[in-house]
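Q: Curious how this folds, go ahead:
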Amino acid sequence: MTGQPVEKVAFSCLGTDAFRSRLAATGARQLLLAGIEAHVCVLMSALDLLAEGFAVHIVADAVTSRTQANWRLATEQLRQAGAVVSATETLMFQLLGQADSEDFRELARLIR
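A: Predicted structure coming up:
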């Protein structure tokens, strides 16, 4: 989603009308989630998105909590709820799909 930031005071991103309408306008049905407080905002957003039929991918190394225990619990709960938990590098290569492009070569240089 591009454009201006959306102010979010609800724990779930779907609790924000502006986010909800921007998301609907994209037509996207698959989302990558990253953020802070995995056990609160990321978890509640993912659960709401899953309940509405979205495919949710959690970028595990781009999600954090104040404690490692909270991060682990949230990550496990997200998996059990049906979210796919992956690493940034894995998701980048999944999005690229193949290695025979200039995009791949540039990305490979960046992550080395």
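Q: Which parts of the protein are helices?
A: Listed in chain order, the helices of the chain (DSSP state H) span 17-26, 43-51, 68-81, 88-96, 102-111.
Q: Just name the most buried of the ones you listed.
A: helix 43-51 (a mean of 20; mean count of other Cβ atoms under 10 Å). Any C-beta I mention is one placed from the backbone N, CA and C, and that applies to glycine too.
Q: what's the offset of that one from the middle of its chain?
A: With Cα atoms, centre = their mean, to the nearest Å as the basis, helix 43-51 stands 11 Å off its chain's centre.
Q: For it, name the packing helices and strands.
A: Here helix 43-51 touches strand 30-36, strand 55-64, helix 68-81, going by 3 or more Cβ pairs under 8 Å, 6 or more residues apart in numbering; DSSP states H and E.
Q: can you tell which of the helices of the chain is closest to F11?
A: helix 43-51 (4.6 Å; Cβ to Cβ).
Q: Tell me which residues are up against the closest one.
A: 11-15, 31, 33, 35, 56, 58, 74, 77-78, 81-83 (Cβ atoms under 8 Å, 6 or more residues apart in numbering).
Q: If you go by neighbour count, which of the residues you listed are buried?
A: By neighbour count, with 16 or more other Cβ atoms under 10 Å, these hold 12-14, 31, 33, 35, 56, 58, 74, 78, 83 as buried.
Q: need those residues in JSON lines with distance to Q68 and pLDDT, can you?
A: Listed next are the buried ones among the contacts of helix 43-51 as JSON lines, based on distance: Cβ to Cβ, whole Å; pLDDT from 0 to 100:
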{"residue": "S12", "distance to Q68": "23", "pLDDT": "97"}
{"residue": "C13", "distance to Q68": "24", "pLDDT": "95"}
{"residue": "L14", "distance to Q68": "27", "pLDDT": "96"}
{"residue": "L31", "distance to Q68": "25", "pLDDT": "96"}
{"residue": "L33", "distance to Q68": "19", "pLDDT": "96"}
{"residue": "G35", "distance to Q68": "17", "pLDDT": "94"}
{"residue": "V56", "distance to Q68": "22", "pLDDT": "98"}
{"residue": "I58", "distance to Q68": "16", "pLDDT": "97"}
{"residue": "A74", "distance to Q68": "11", "pLDDT": "97"}
{"residue": "L78", "distance to Q68": "15", "pLDDT": "97"}
{"residue": "A83", "distance to Q68": "19", "pLDDT": "98"}
